[in-house]
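Participant: sharing a model prediction with you, sequence too.
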Amino acid sequence: MEEFSLMTILAVFEEIFGRGLFWTMVAVAVAITAAWVYVLIRDRSLSMRKFLLAQLSMPFGGAAAVWFVMVMTNSGFADIGGPIDWIVLLGVFVAGAVGFAILVYVVQSLLRGKSAEA
């Protein structure tokens, strides 16, 4: 591979997940991000109680992300070859954990509304 570009990355992700699933995941990520921005603007502050619950959910989101990638790539932990594979797997875990924490915070905020915390 002579060049490393955004189009190359998009092509790789489309190949791994399939075009429809990949772009659906992108749309869901954009929607969750927009909801996060909406909640932050609406509430004008972070609720530490909701934030704590969101942080406690992070390991579940990370594990789900790793499981999802392993299923989609038809791989297992025995297929991990070298340090770059572990770094990518760690990146998937972190991205899934952060994304799930944001989702949990947004869902809590939309369901419970703005809470008055002292």
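Facilitator: Looks like it arrived, so ask away. Just so it is clear, the model here is predicted, and its values are computed rather than measured. Residues are numbered from 1 along each chain as shown.

Participant: gap between the residue nearest to the spatial centre of the chain and Ile84?
Facilitator: Centroid check for the chain by C-alpha atoms, centre = their mean gives Gly99 as the closest residue, at 3.2 Å. Applying C-beta to C-beta, to the nearest Å, the value for Gly99 to Ile84 is 22 Å. Glycine gets a C-beta too; all of them are placed from N, C-alpha and C.

Participant: ditto for Arg112
Facilitator: 42 Å.

Participant: rewinding a little: next one, pLDDT for the residue nearest to the centre of the chain please.
Facilitator: Among the per-residue scores, Gly99 shows a pLDDT of 95.

Participant: repeat that for Met1.
Facilitator: Met1 is assigned 57 on the pLDDT scale.

Participant: sorry, back to before: in the host helix or strand of the residue nearest to the centre of the chain, what counts as buried?
Facilitator: Per DSSP states H and E: Gly99 is located in helix 83-112. For helix 83-112, burial by neighbour count (16 or more other C-beta atoms under 10 Å) applies to 89, 92-93, 96-97, 99-106, 108-109.

Participant: quick check: chain neighbours aside, which residue is closest to the residue nearest to the centre of the chain?
Facilitator: The shortest distance from Gly99 to any non-neighbouring residue, by C-beta to C-beta, 6 or more residues apart in numbering, is to Gly61 (6.3 Å).

Participant: contacts for the lowest-mean-pLDDT helix or strand in the chain?
Facilitator: Lowest mean confidence among the helices and strands of the chain (mean pLDDT, DSSP states H and E): helix 6-17, at a mean of 87. The contact list for helix 6-17 (C-beta atoms under 8 Å, 6 or more residues apart in numbering) reads Met1, Phe22, Met25, Met72, Thr73.

Participant: where does pLDDT dip in this protein?
Facilitator: Judged by pLDDT under 70, the chain has its weakly predicted residues at 1, 114-118.

Participant: thanks a lot, catch you later.
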